[in-house]
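J.: sharing a model prediction with you, sequence too.
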Amino acid sequence: MRDLRFLLAALLAALVPAFAGAGEHVVPADPGALVAAIAGANPGDVLVLAPGRHDGPVTLDRPITLDGRNEATIDGQGVADVIRVTGADVVVRGLTLIGSGNAHPVVDAAVKLDRTATRALIENNVMIENLVGVHVFGATDSIVRGNTIIGRQDARMNDRGNGVYVWNAPGTIVEGNDIRFGRDGIFANASRDNIFRDNIMRDLRFAVHFMYTNMSEVSGNVSIGNHLGYAMMFSNRTQVTDNMSLRDRGHGLMLNFANNADVSGNLIRGGSHEKCTFIYNAHRNVIVGNRFEGCDIGIHFTAGSERNALTGNAFTGNRTQVKYVGTRDIEWSHDGRGNYWSDHASFDLDGDGIADAKFRPNDMMDHILWSQPAAGLLLGSPAVQLIRFAQAQFPATLPGGVLDSFPLMRAPEIHVPDDIARLEAEARPAWQYGRFNDAELDPLTAH
């Protein structure tokens with residue numbers, strides 16, 4: 001025990017000299033003053049930037065705090081990163097950051113966190129028209145919280161930068177940010193153990209875009225008026241819970257080569273969505289308690305997606321509830337509980353909340369129309385209606401596909417807060433009015 005006390009005392013003694021001179025210092029808004037103040041700062045110092053414009057770019061290589069108290073601006077003057085962080089335990093808060101460079105190969109940003117910038121806190125800043133808002137470049141255990149990030153609009157969407165770009169940065173938390181314009185709201189690549197929660201993302205390509213990012217959480221986010229809401233690609237063991245995709249263009253949620261995901265409690269509400277959810281070569285995912293509403297296609301399974309469990313979901317008012325092409329019967333229920341289907345006319349005579357009749361969302365004509373689109377010209381003909389009637393009376397003639405043996409009589413409800421509903425109603429995405437020229441926005445090929 002005495003040895004342990006001696007060790008702790010020695011550690012404290014070693015830390016005290018490093019922070020002995022720490023204090024709070026006001027930095028005037030004069031040319032060169034910020035660079036000089038950073039060069040002379042001691043570890044632990046708080047540099048309070050006076051109201052006005054301060055010259056950048058700057059590098060933070062020791063544990064200090066830059067605090068603009070919501071009145072100071074740092075202008076990078078179009079050169080590299082506005083703030084580059086190379087030291088541990090740095091805090092950047094309350095600043096307006098403008099004027100990053102525009103170099104894609106090195107990913108210029110308002111704030112770049114290099115590999116050595118562990119435990120950084122970037123909070124309550126406003127970042128306007130930089131190439132990237134925050135670039136977490138290999139830094140571990142960073143927090144990016146409460147920032148407003150407004151991206152560029154002066155280039156094609158695929159040529160812009162992301163709001164937050166996370167690369168190989170375990171332990172990163174991105175929460176409570178408001179991200180608008182640019183390319184993707186949050187793009188994570190080759191990372192793990194990340195948390196992206198409670199962010200609002202608008203007028204983007206993808207709200208959240210995962211590539212090779214494992215064991216991570218995407219929760220409580222809101223995507224409004226984007227080309228695609230949440231794209232989980234080539235990733236394993238992701239939690240996608242309690243998110244909203246409202247008035248997005250293509251897909252609300254896409255699982256592309258994504259396996260073992262927990263997808264639950266999400267609301268995907270169309271009016272413009274092509275597909276609420278697209279499942280492409282994705283396996284062993286649990287899709288529970290979601291609401292897919294008002295899309296051209298509620299959920300589309302393709303490319304051999306297998307062993308996915310779907311139960312407790314609501315398919316409401318979609319033009320086509322399910323698109324699944326296959327010759328096997330796929331059961332979409334678990335432990336006697338299936339999903340709600342707004343177009344399933346059935347009774348519940350015993351009052352247990354489960355419909356008395358099974359439900360198949362697709363028939364043989366659907367399969368023919370998907371494989372031979374020209375057959376759509378015959379859709380209203382008596383012959384097609386006769387085939388559909390006959391199949392309904394003799395289900396054994398069906399070619400396989402989705403079967404829900406225990407359909408729900410009531411749809412799960414997901415409440416949309418008033419402030420989010422207002423943003424949804426006010427959304428005017430450029431693509432909705434034909435004001436975009438990114439013909440190559442293919443969610444399976446363009447990253």
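T.: Structure's in. What do you need?
J.: contacts, neighbours, all on C-alpha from now
T.: OK.
J.: distance of Val82 from Leu204?
T.: Using Cα to Cα, to the nearest Å, Val82 is found at 23 Å from Leu204.
J.: ok now do the residue most central in space within the chain, which residues does it touch?
T.: Centroid check for the chain by Cα atoms, centre = their mean gives Val208 as the closest residue, at 2.4 Å. The contact partners of Val208, taken as Cα atoms under 8 Å, 6 or more residues apart in numbering, are 184-187, 229-231.
J.: and for Asn339?
T.: 310-315, 332-333, 404, 406-408, 411 are the contacts of Asn339 under Cα under 8 Å, 6+ apart.
J.: on that earlier part again, most neighbours, which of the contacts of Val208?
T.: Comparing the contacts of Val208 by number of neighbours (other Cα atoms under 10 Å), Gly229 comes first, having 36 neighbours.
J.: which of the contacts of Val208 fall in strands?
T.: Using DSSP state E, the members of those that fall in strands are 186-187, 229-231.
J.: taking the residues you listed together, which two end up most distant?
T.: Using Cα to Cα, those span at most 12.0 Å, a distance reached by Phe187 and Gly229.
J.: show me what counts as buried in the lengthiest strand in the chain.
T.: Identified as the longest strand of the chain according to DSSP E is strand 65-75. Within strand 65-75, the residues that qualify as buried are 65-70, 72-75, counting by 16 or more other Cα atoms under 10 Å.
J.: quick one: distance of that strand to the chain centre.
T.: 28 Å (Cα atoms, centre = their mean, to the nearest Å).
J.: now the stretch 151-300 of the chain, which segments are flagged as low pLDDT?
T.: Where the stretch 151-300 of the chain drops to pLDDT under 70, the residues are 271.
J.: what's the angle between the helix or strand where Ala110 lies and strand 65-75?
T.: Using DSSP states H and E, Ala110 sits within strand 109-113. Interaxial angle of strand 109-113 relative to strand 65-75 (axes from the mean of the first three to the mean of the last three Cα atoms, to 10 degrees): 150 degrees.
J.: run me through the strand neighbours of the longest strand of the chain, direction for each.
T.: strand 46-49 (parallel), strand 52-55 (parallel), strand 91-98 (parallel) (DSSP bridges).
J.: want to try CSV for those strands, with distance to Asn214 as columns?
T.: Shown next, in CSV, are the strands paired with strand 65-75 (distance: least, Cα to Cα, whole Å):
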stretch, distance to Asn214
strand 46-49, 36
strand 52-55, 39
strand 91-98, 27
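J.: return the most buried member of the ones you listed.
T.: Mean neighbour count (mean count of other Cα atoms under 10 Å) peaks for strand 91-98 among those, with a mean of 23.
J.: what mean pLDDT does that one get?
T.: On average, the pLDDT along strand 91-98 is 98.
J.: may I have it exported as CSV, CA atoms only?
T.: Extracted in CSV, the C-alpha atoms of strand 91-98 (Å, rounded to 0.1, in the frame of the first residue of the first chain):
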residue,chain,number,x,y,z
VAL,A,91,-10.7,21.9,-26.6
VAL,A,92,-12.1,24.1,-29.4
ARG,A,93,-15.4,25.8,-28.6
GLY,A,94,-17.6,28.8,-29.3
LEU,A,95,-15.8,29.9,-32.5
THR,A,96,-16.9,30.7,-36.0
LEU,A,97,-14.5,29.0,-38.4
ILE,A,98,-14.3,30.1,-42.1
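J.: give me the contact list for that strand.
T.: 63-77, 82, 110, 120-130.
J.: if we go to 6 Å?
T.: 65-70, 72-75, 120-128 (Cα atoms under 6 Å, 6 or more residues apart in numbering).
J.: please apply the same query to stretch 231-246.
T.: 209-224, 229, 252-269.
J.: just the ones of the residues you listed in strands?
T.: 209-211, 217-219, 222-224, 229, 252-256, 262-264, 267-269.
J.: can you show me the strands along the stretch 251-400 of the chain?
T.: Remark: strands assigned in the stretch 251-400 of the chain by DSSP state E, counting those that start in this stretch are 251-256, 262-264, 267-269, 275-280, 286-288, 291-293, 297-302, 309-311, 314-316, 320-324, 329-331, 340-341.
J.: mind checking which of those strands is nearest Thr140?
T.: strand 262-264 (24.6 Å).
J.: for stretch 333-340, which residues meet the burial criterion?
T.: 333, 337-340.
J.: dump these into JSON lines; add pLDDT as well.
T.: Listed next are the buried residues of stretch 333-340 as JSON lines, based on pLDDT from 0 to 100:
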{"residue": "Ser333", "pLDDT": "92"}
{"residue": "Arg337", "pLDDT": "95"}
{"residue": "Gly338", "pLDDT": "95"}
{"residue": "Asn339", "pLDDT": "96"}
{"residue": "Tyr340", "pLDDT": "95"}
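J.: going by distance to Tyr165, which of those wins?
T.: Nearest to Tyr165 among the buried residues of stretch 333-340, with distances taken as Cα to Cα, is Asn339, at 36.4 Å.
J.: what's the distance between that closest one and Ile268?
T.: Counting by Cα to Cα, the gap from Asn339 to Ile268 is 15 Å.
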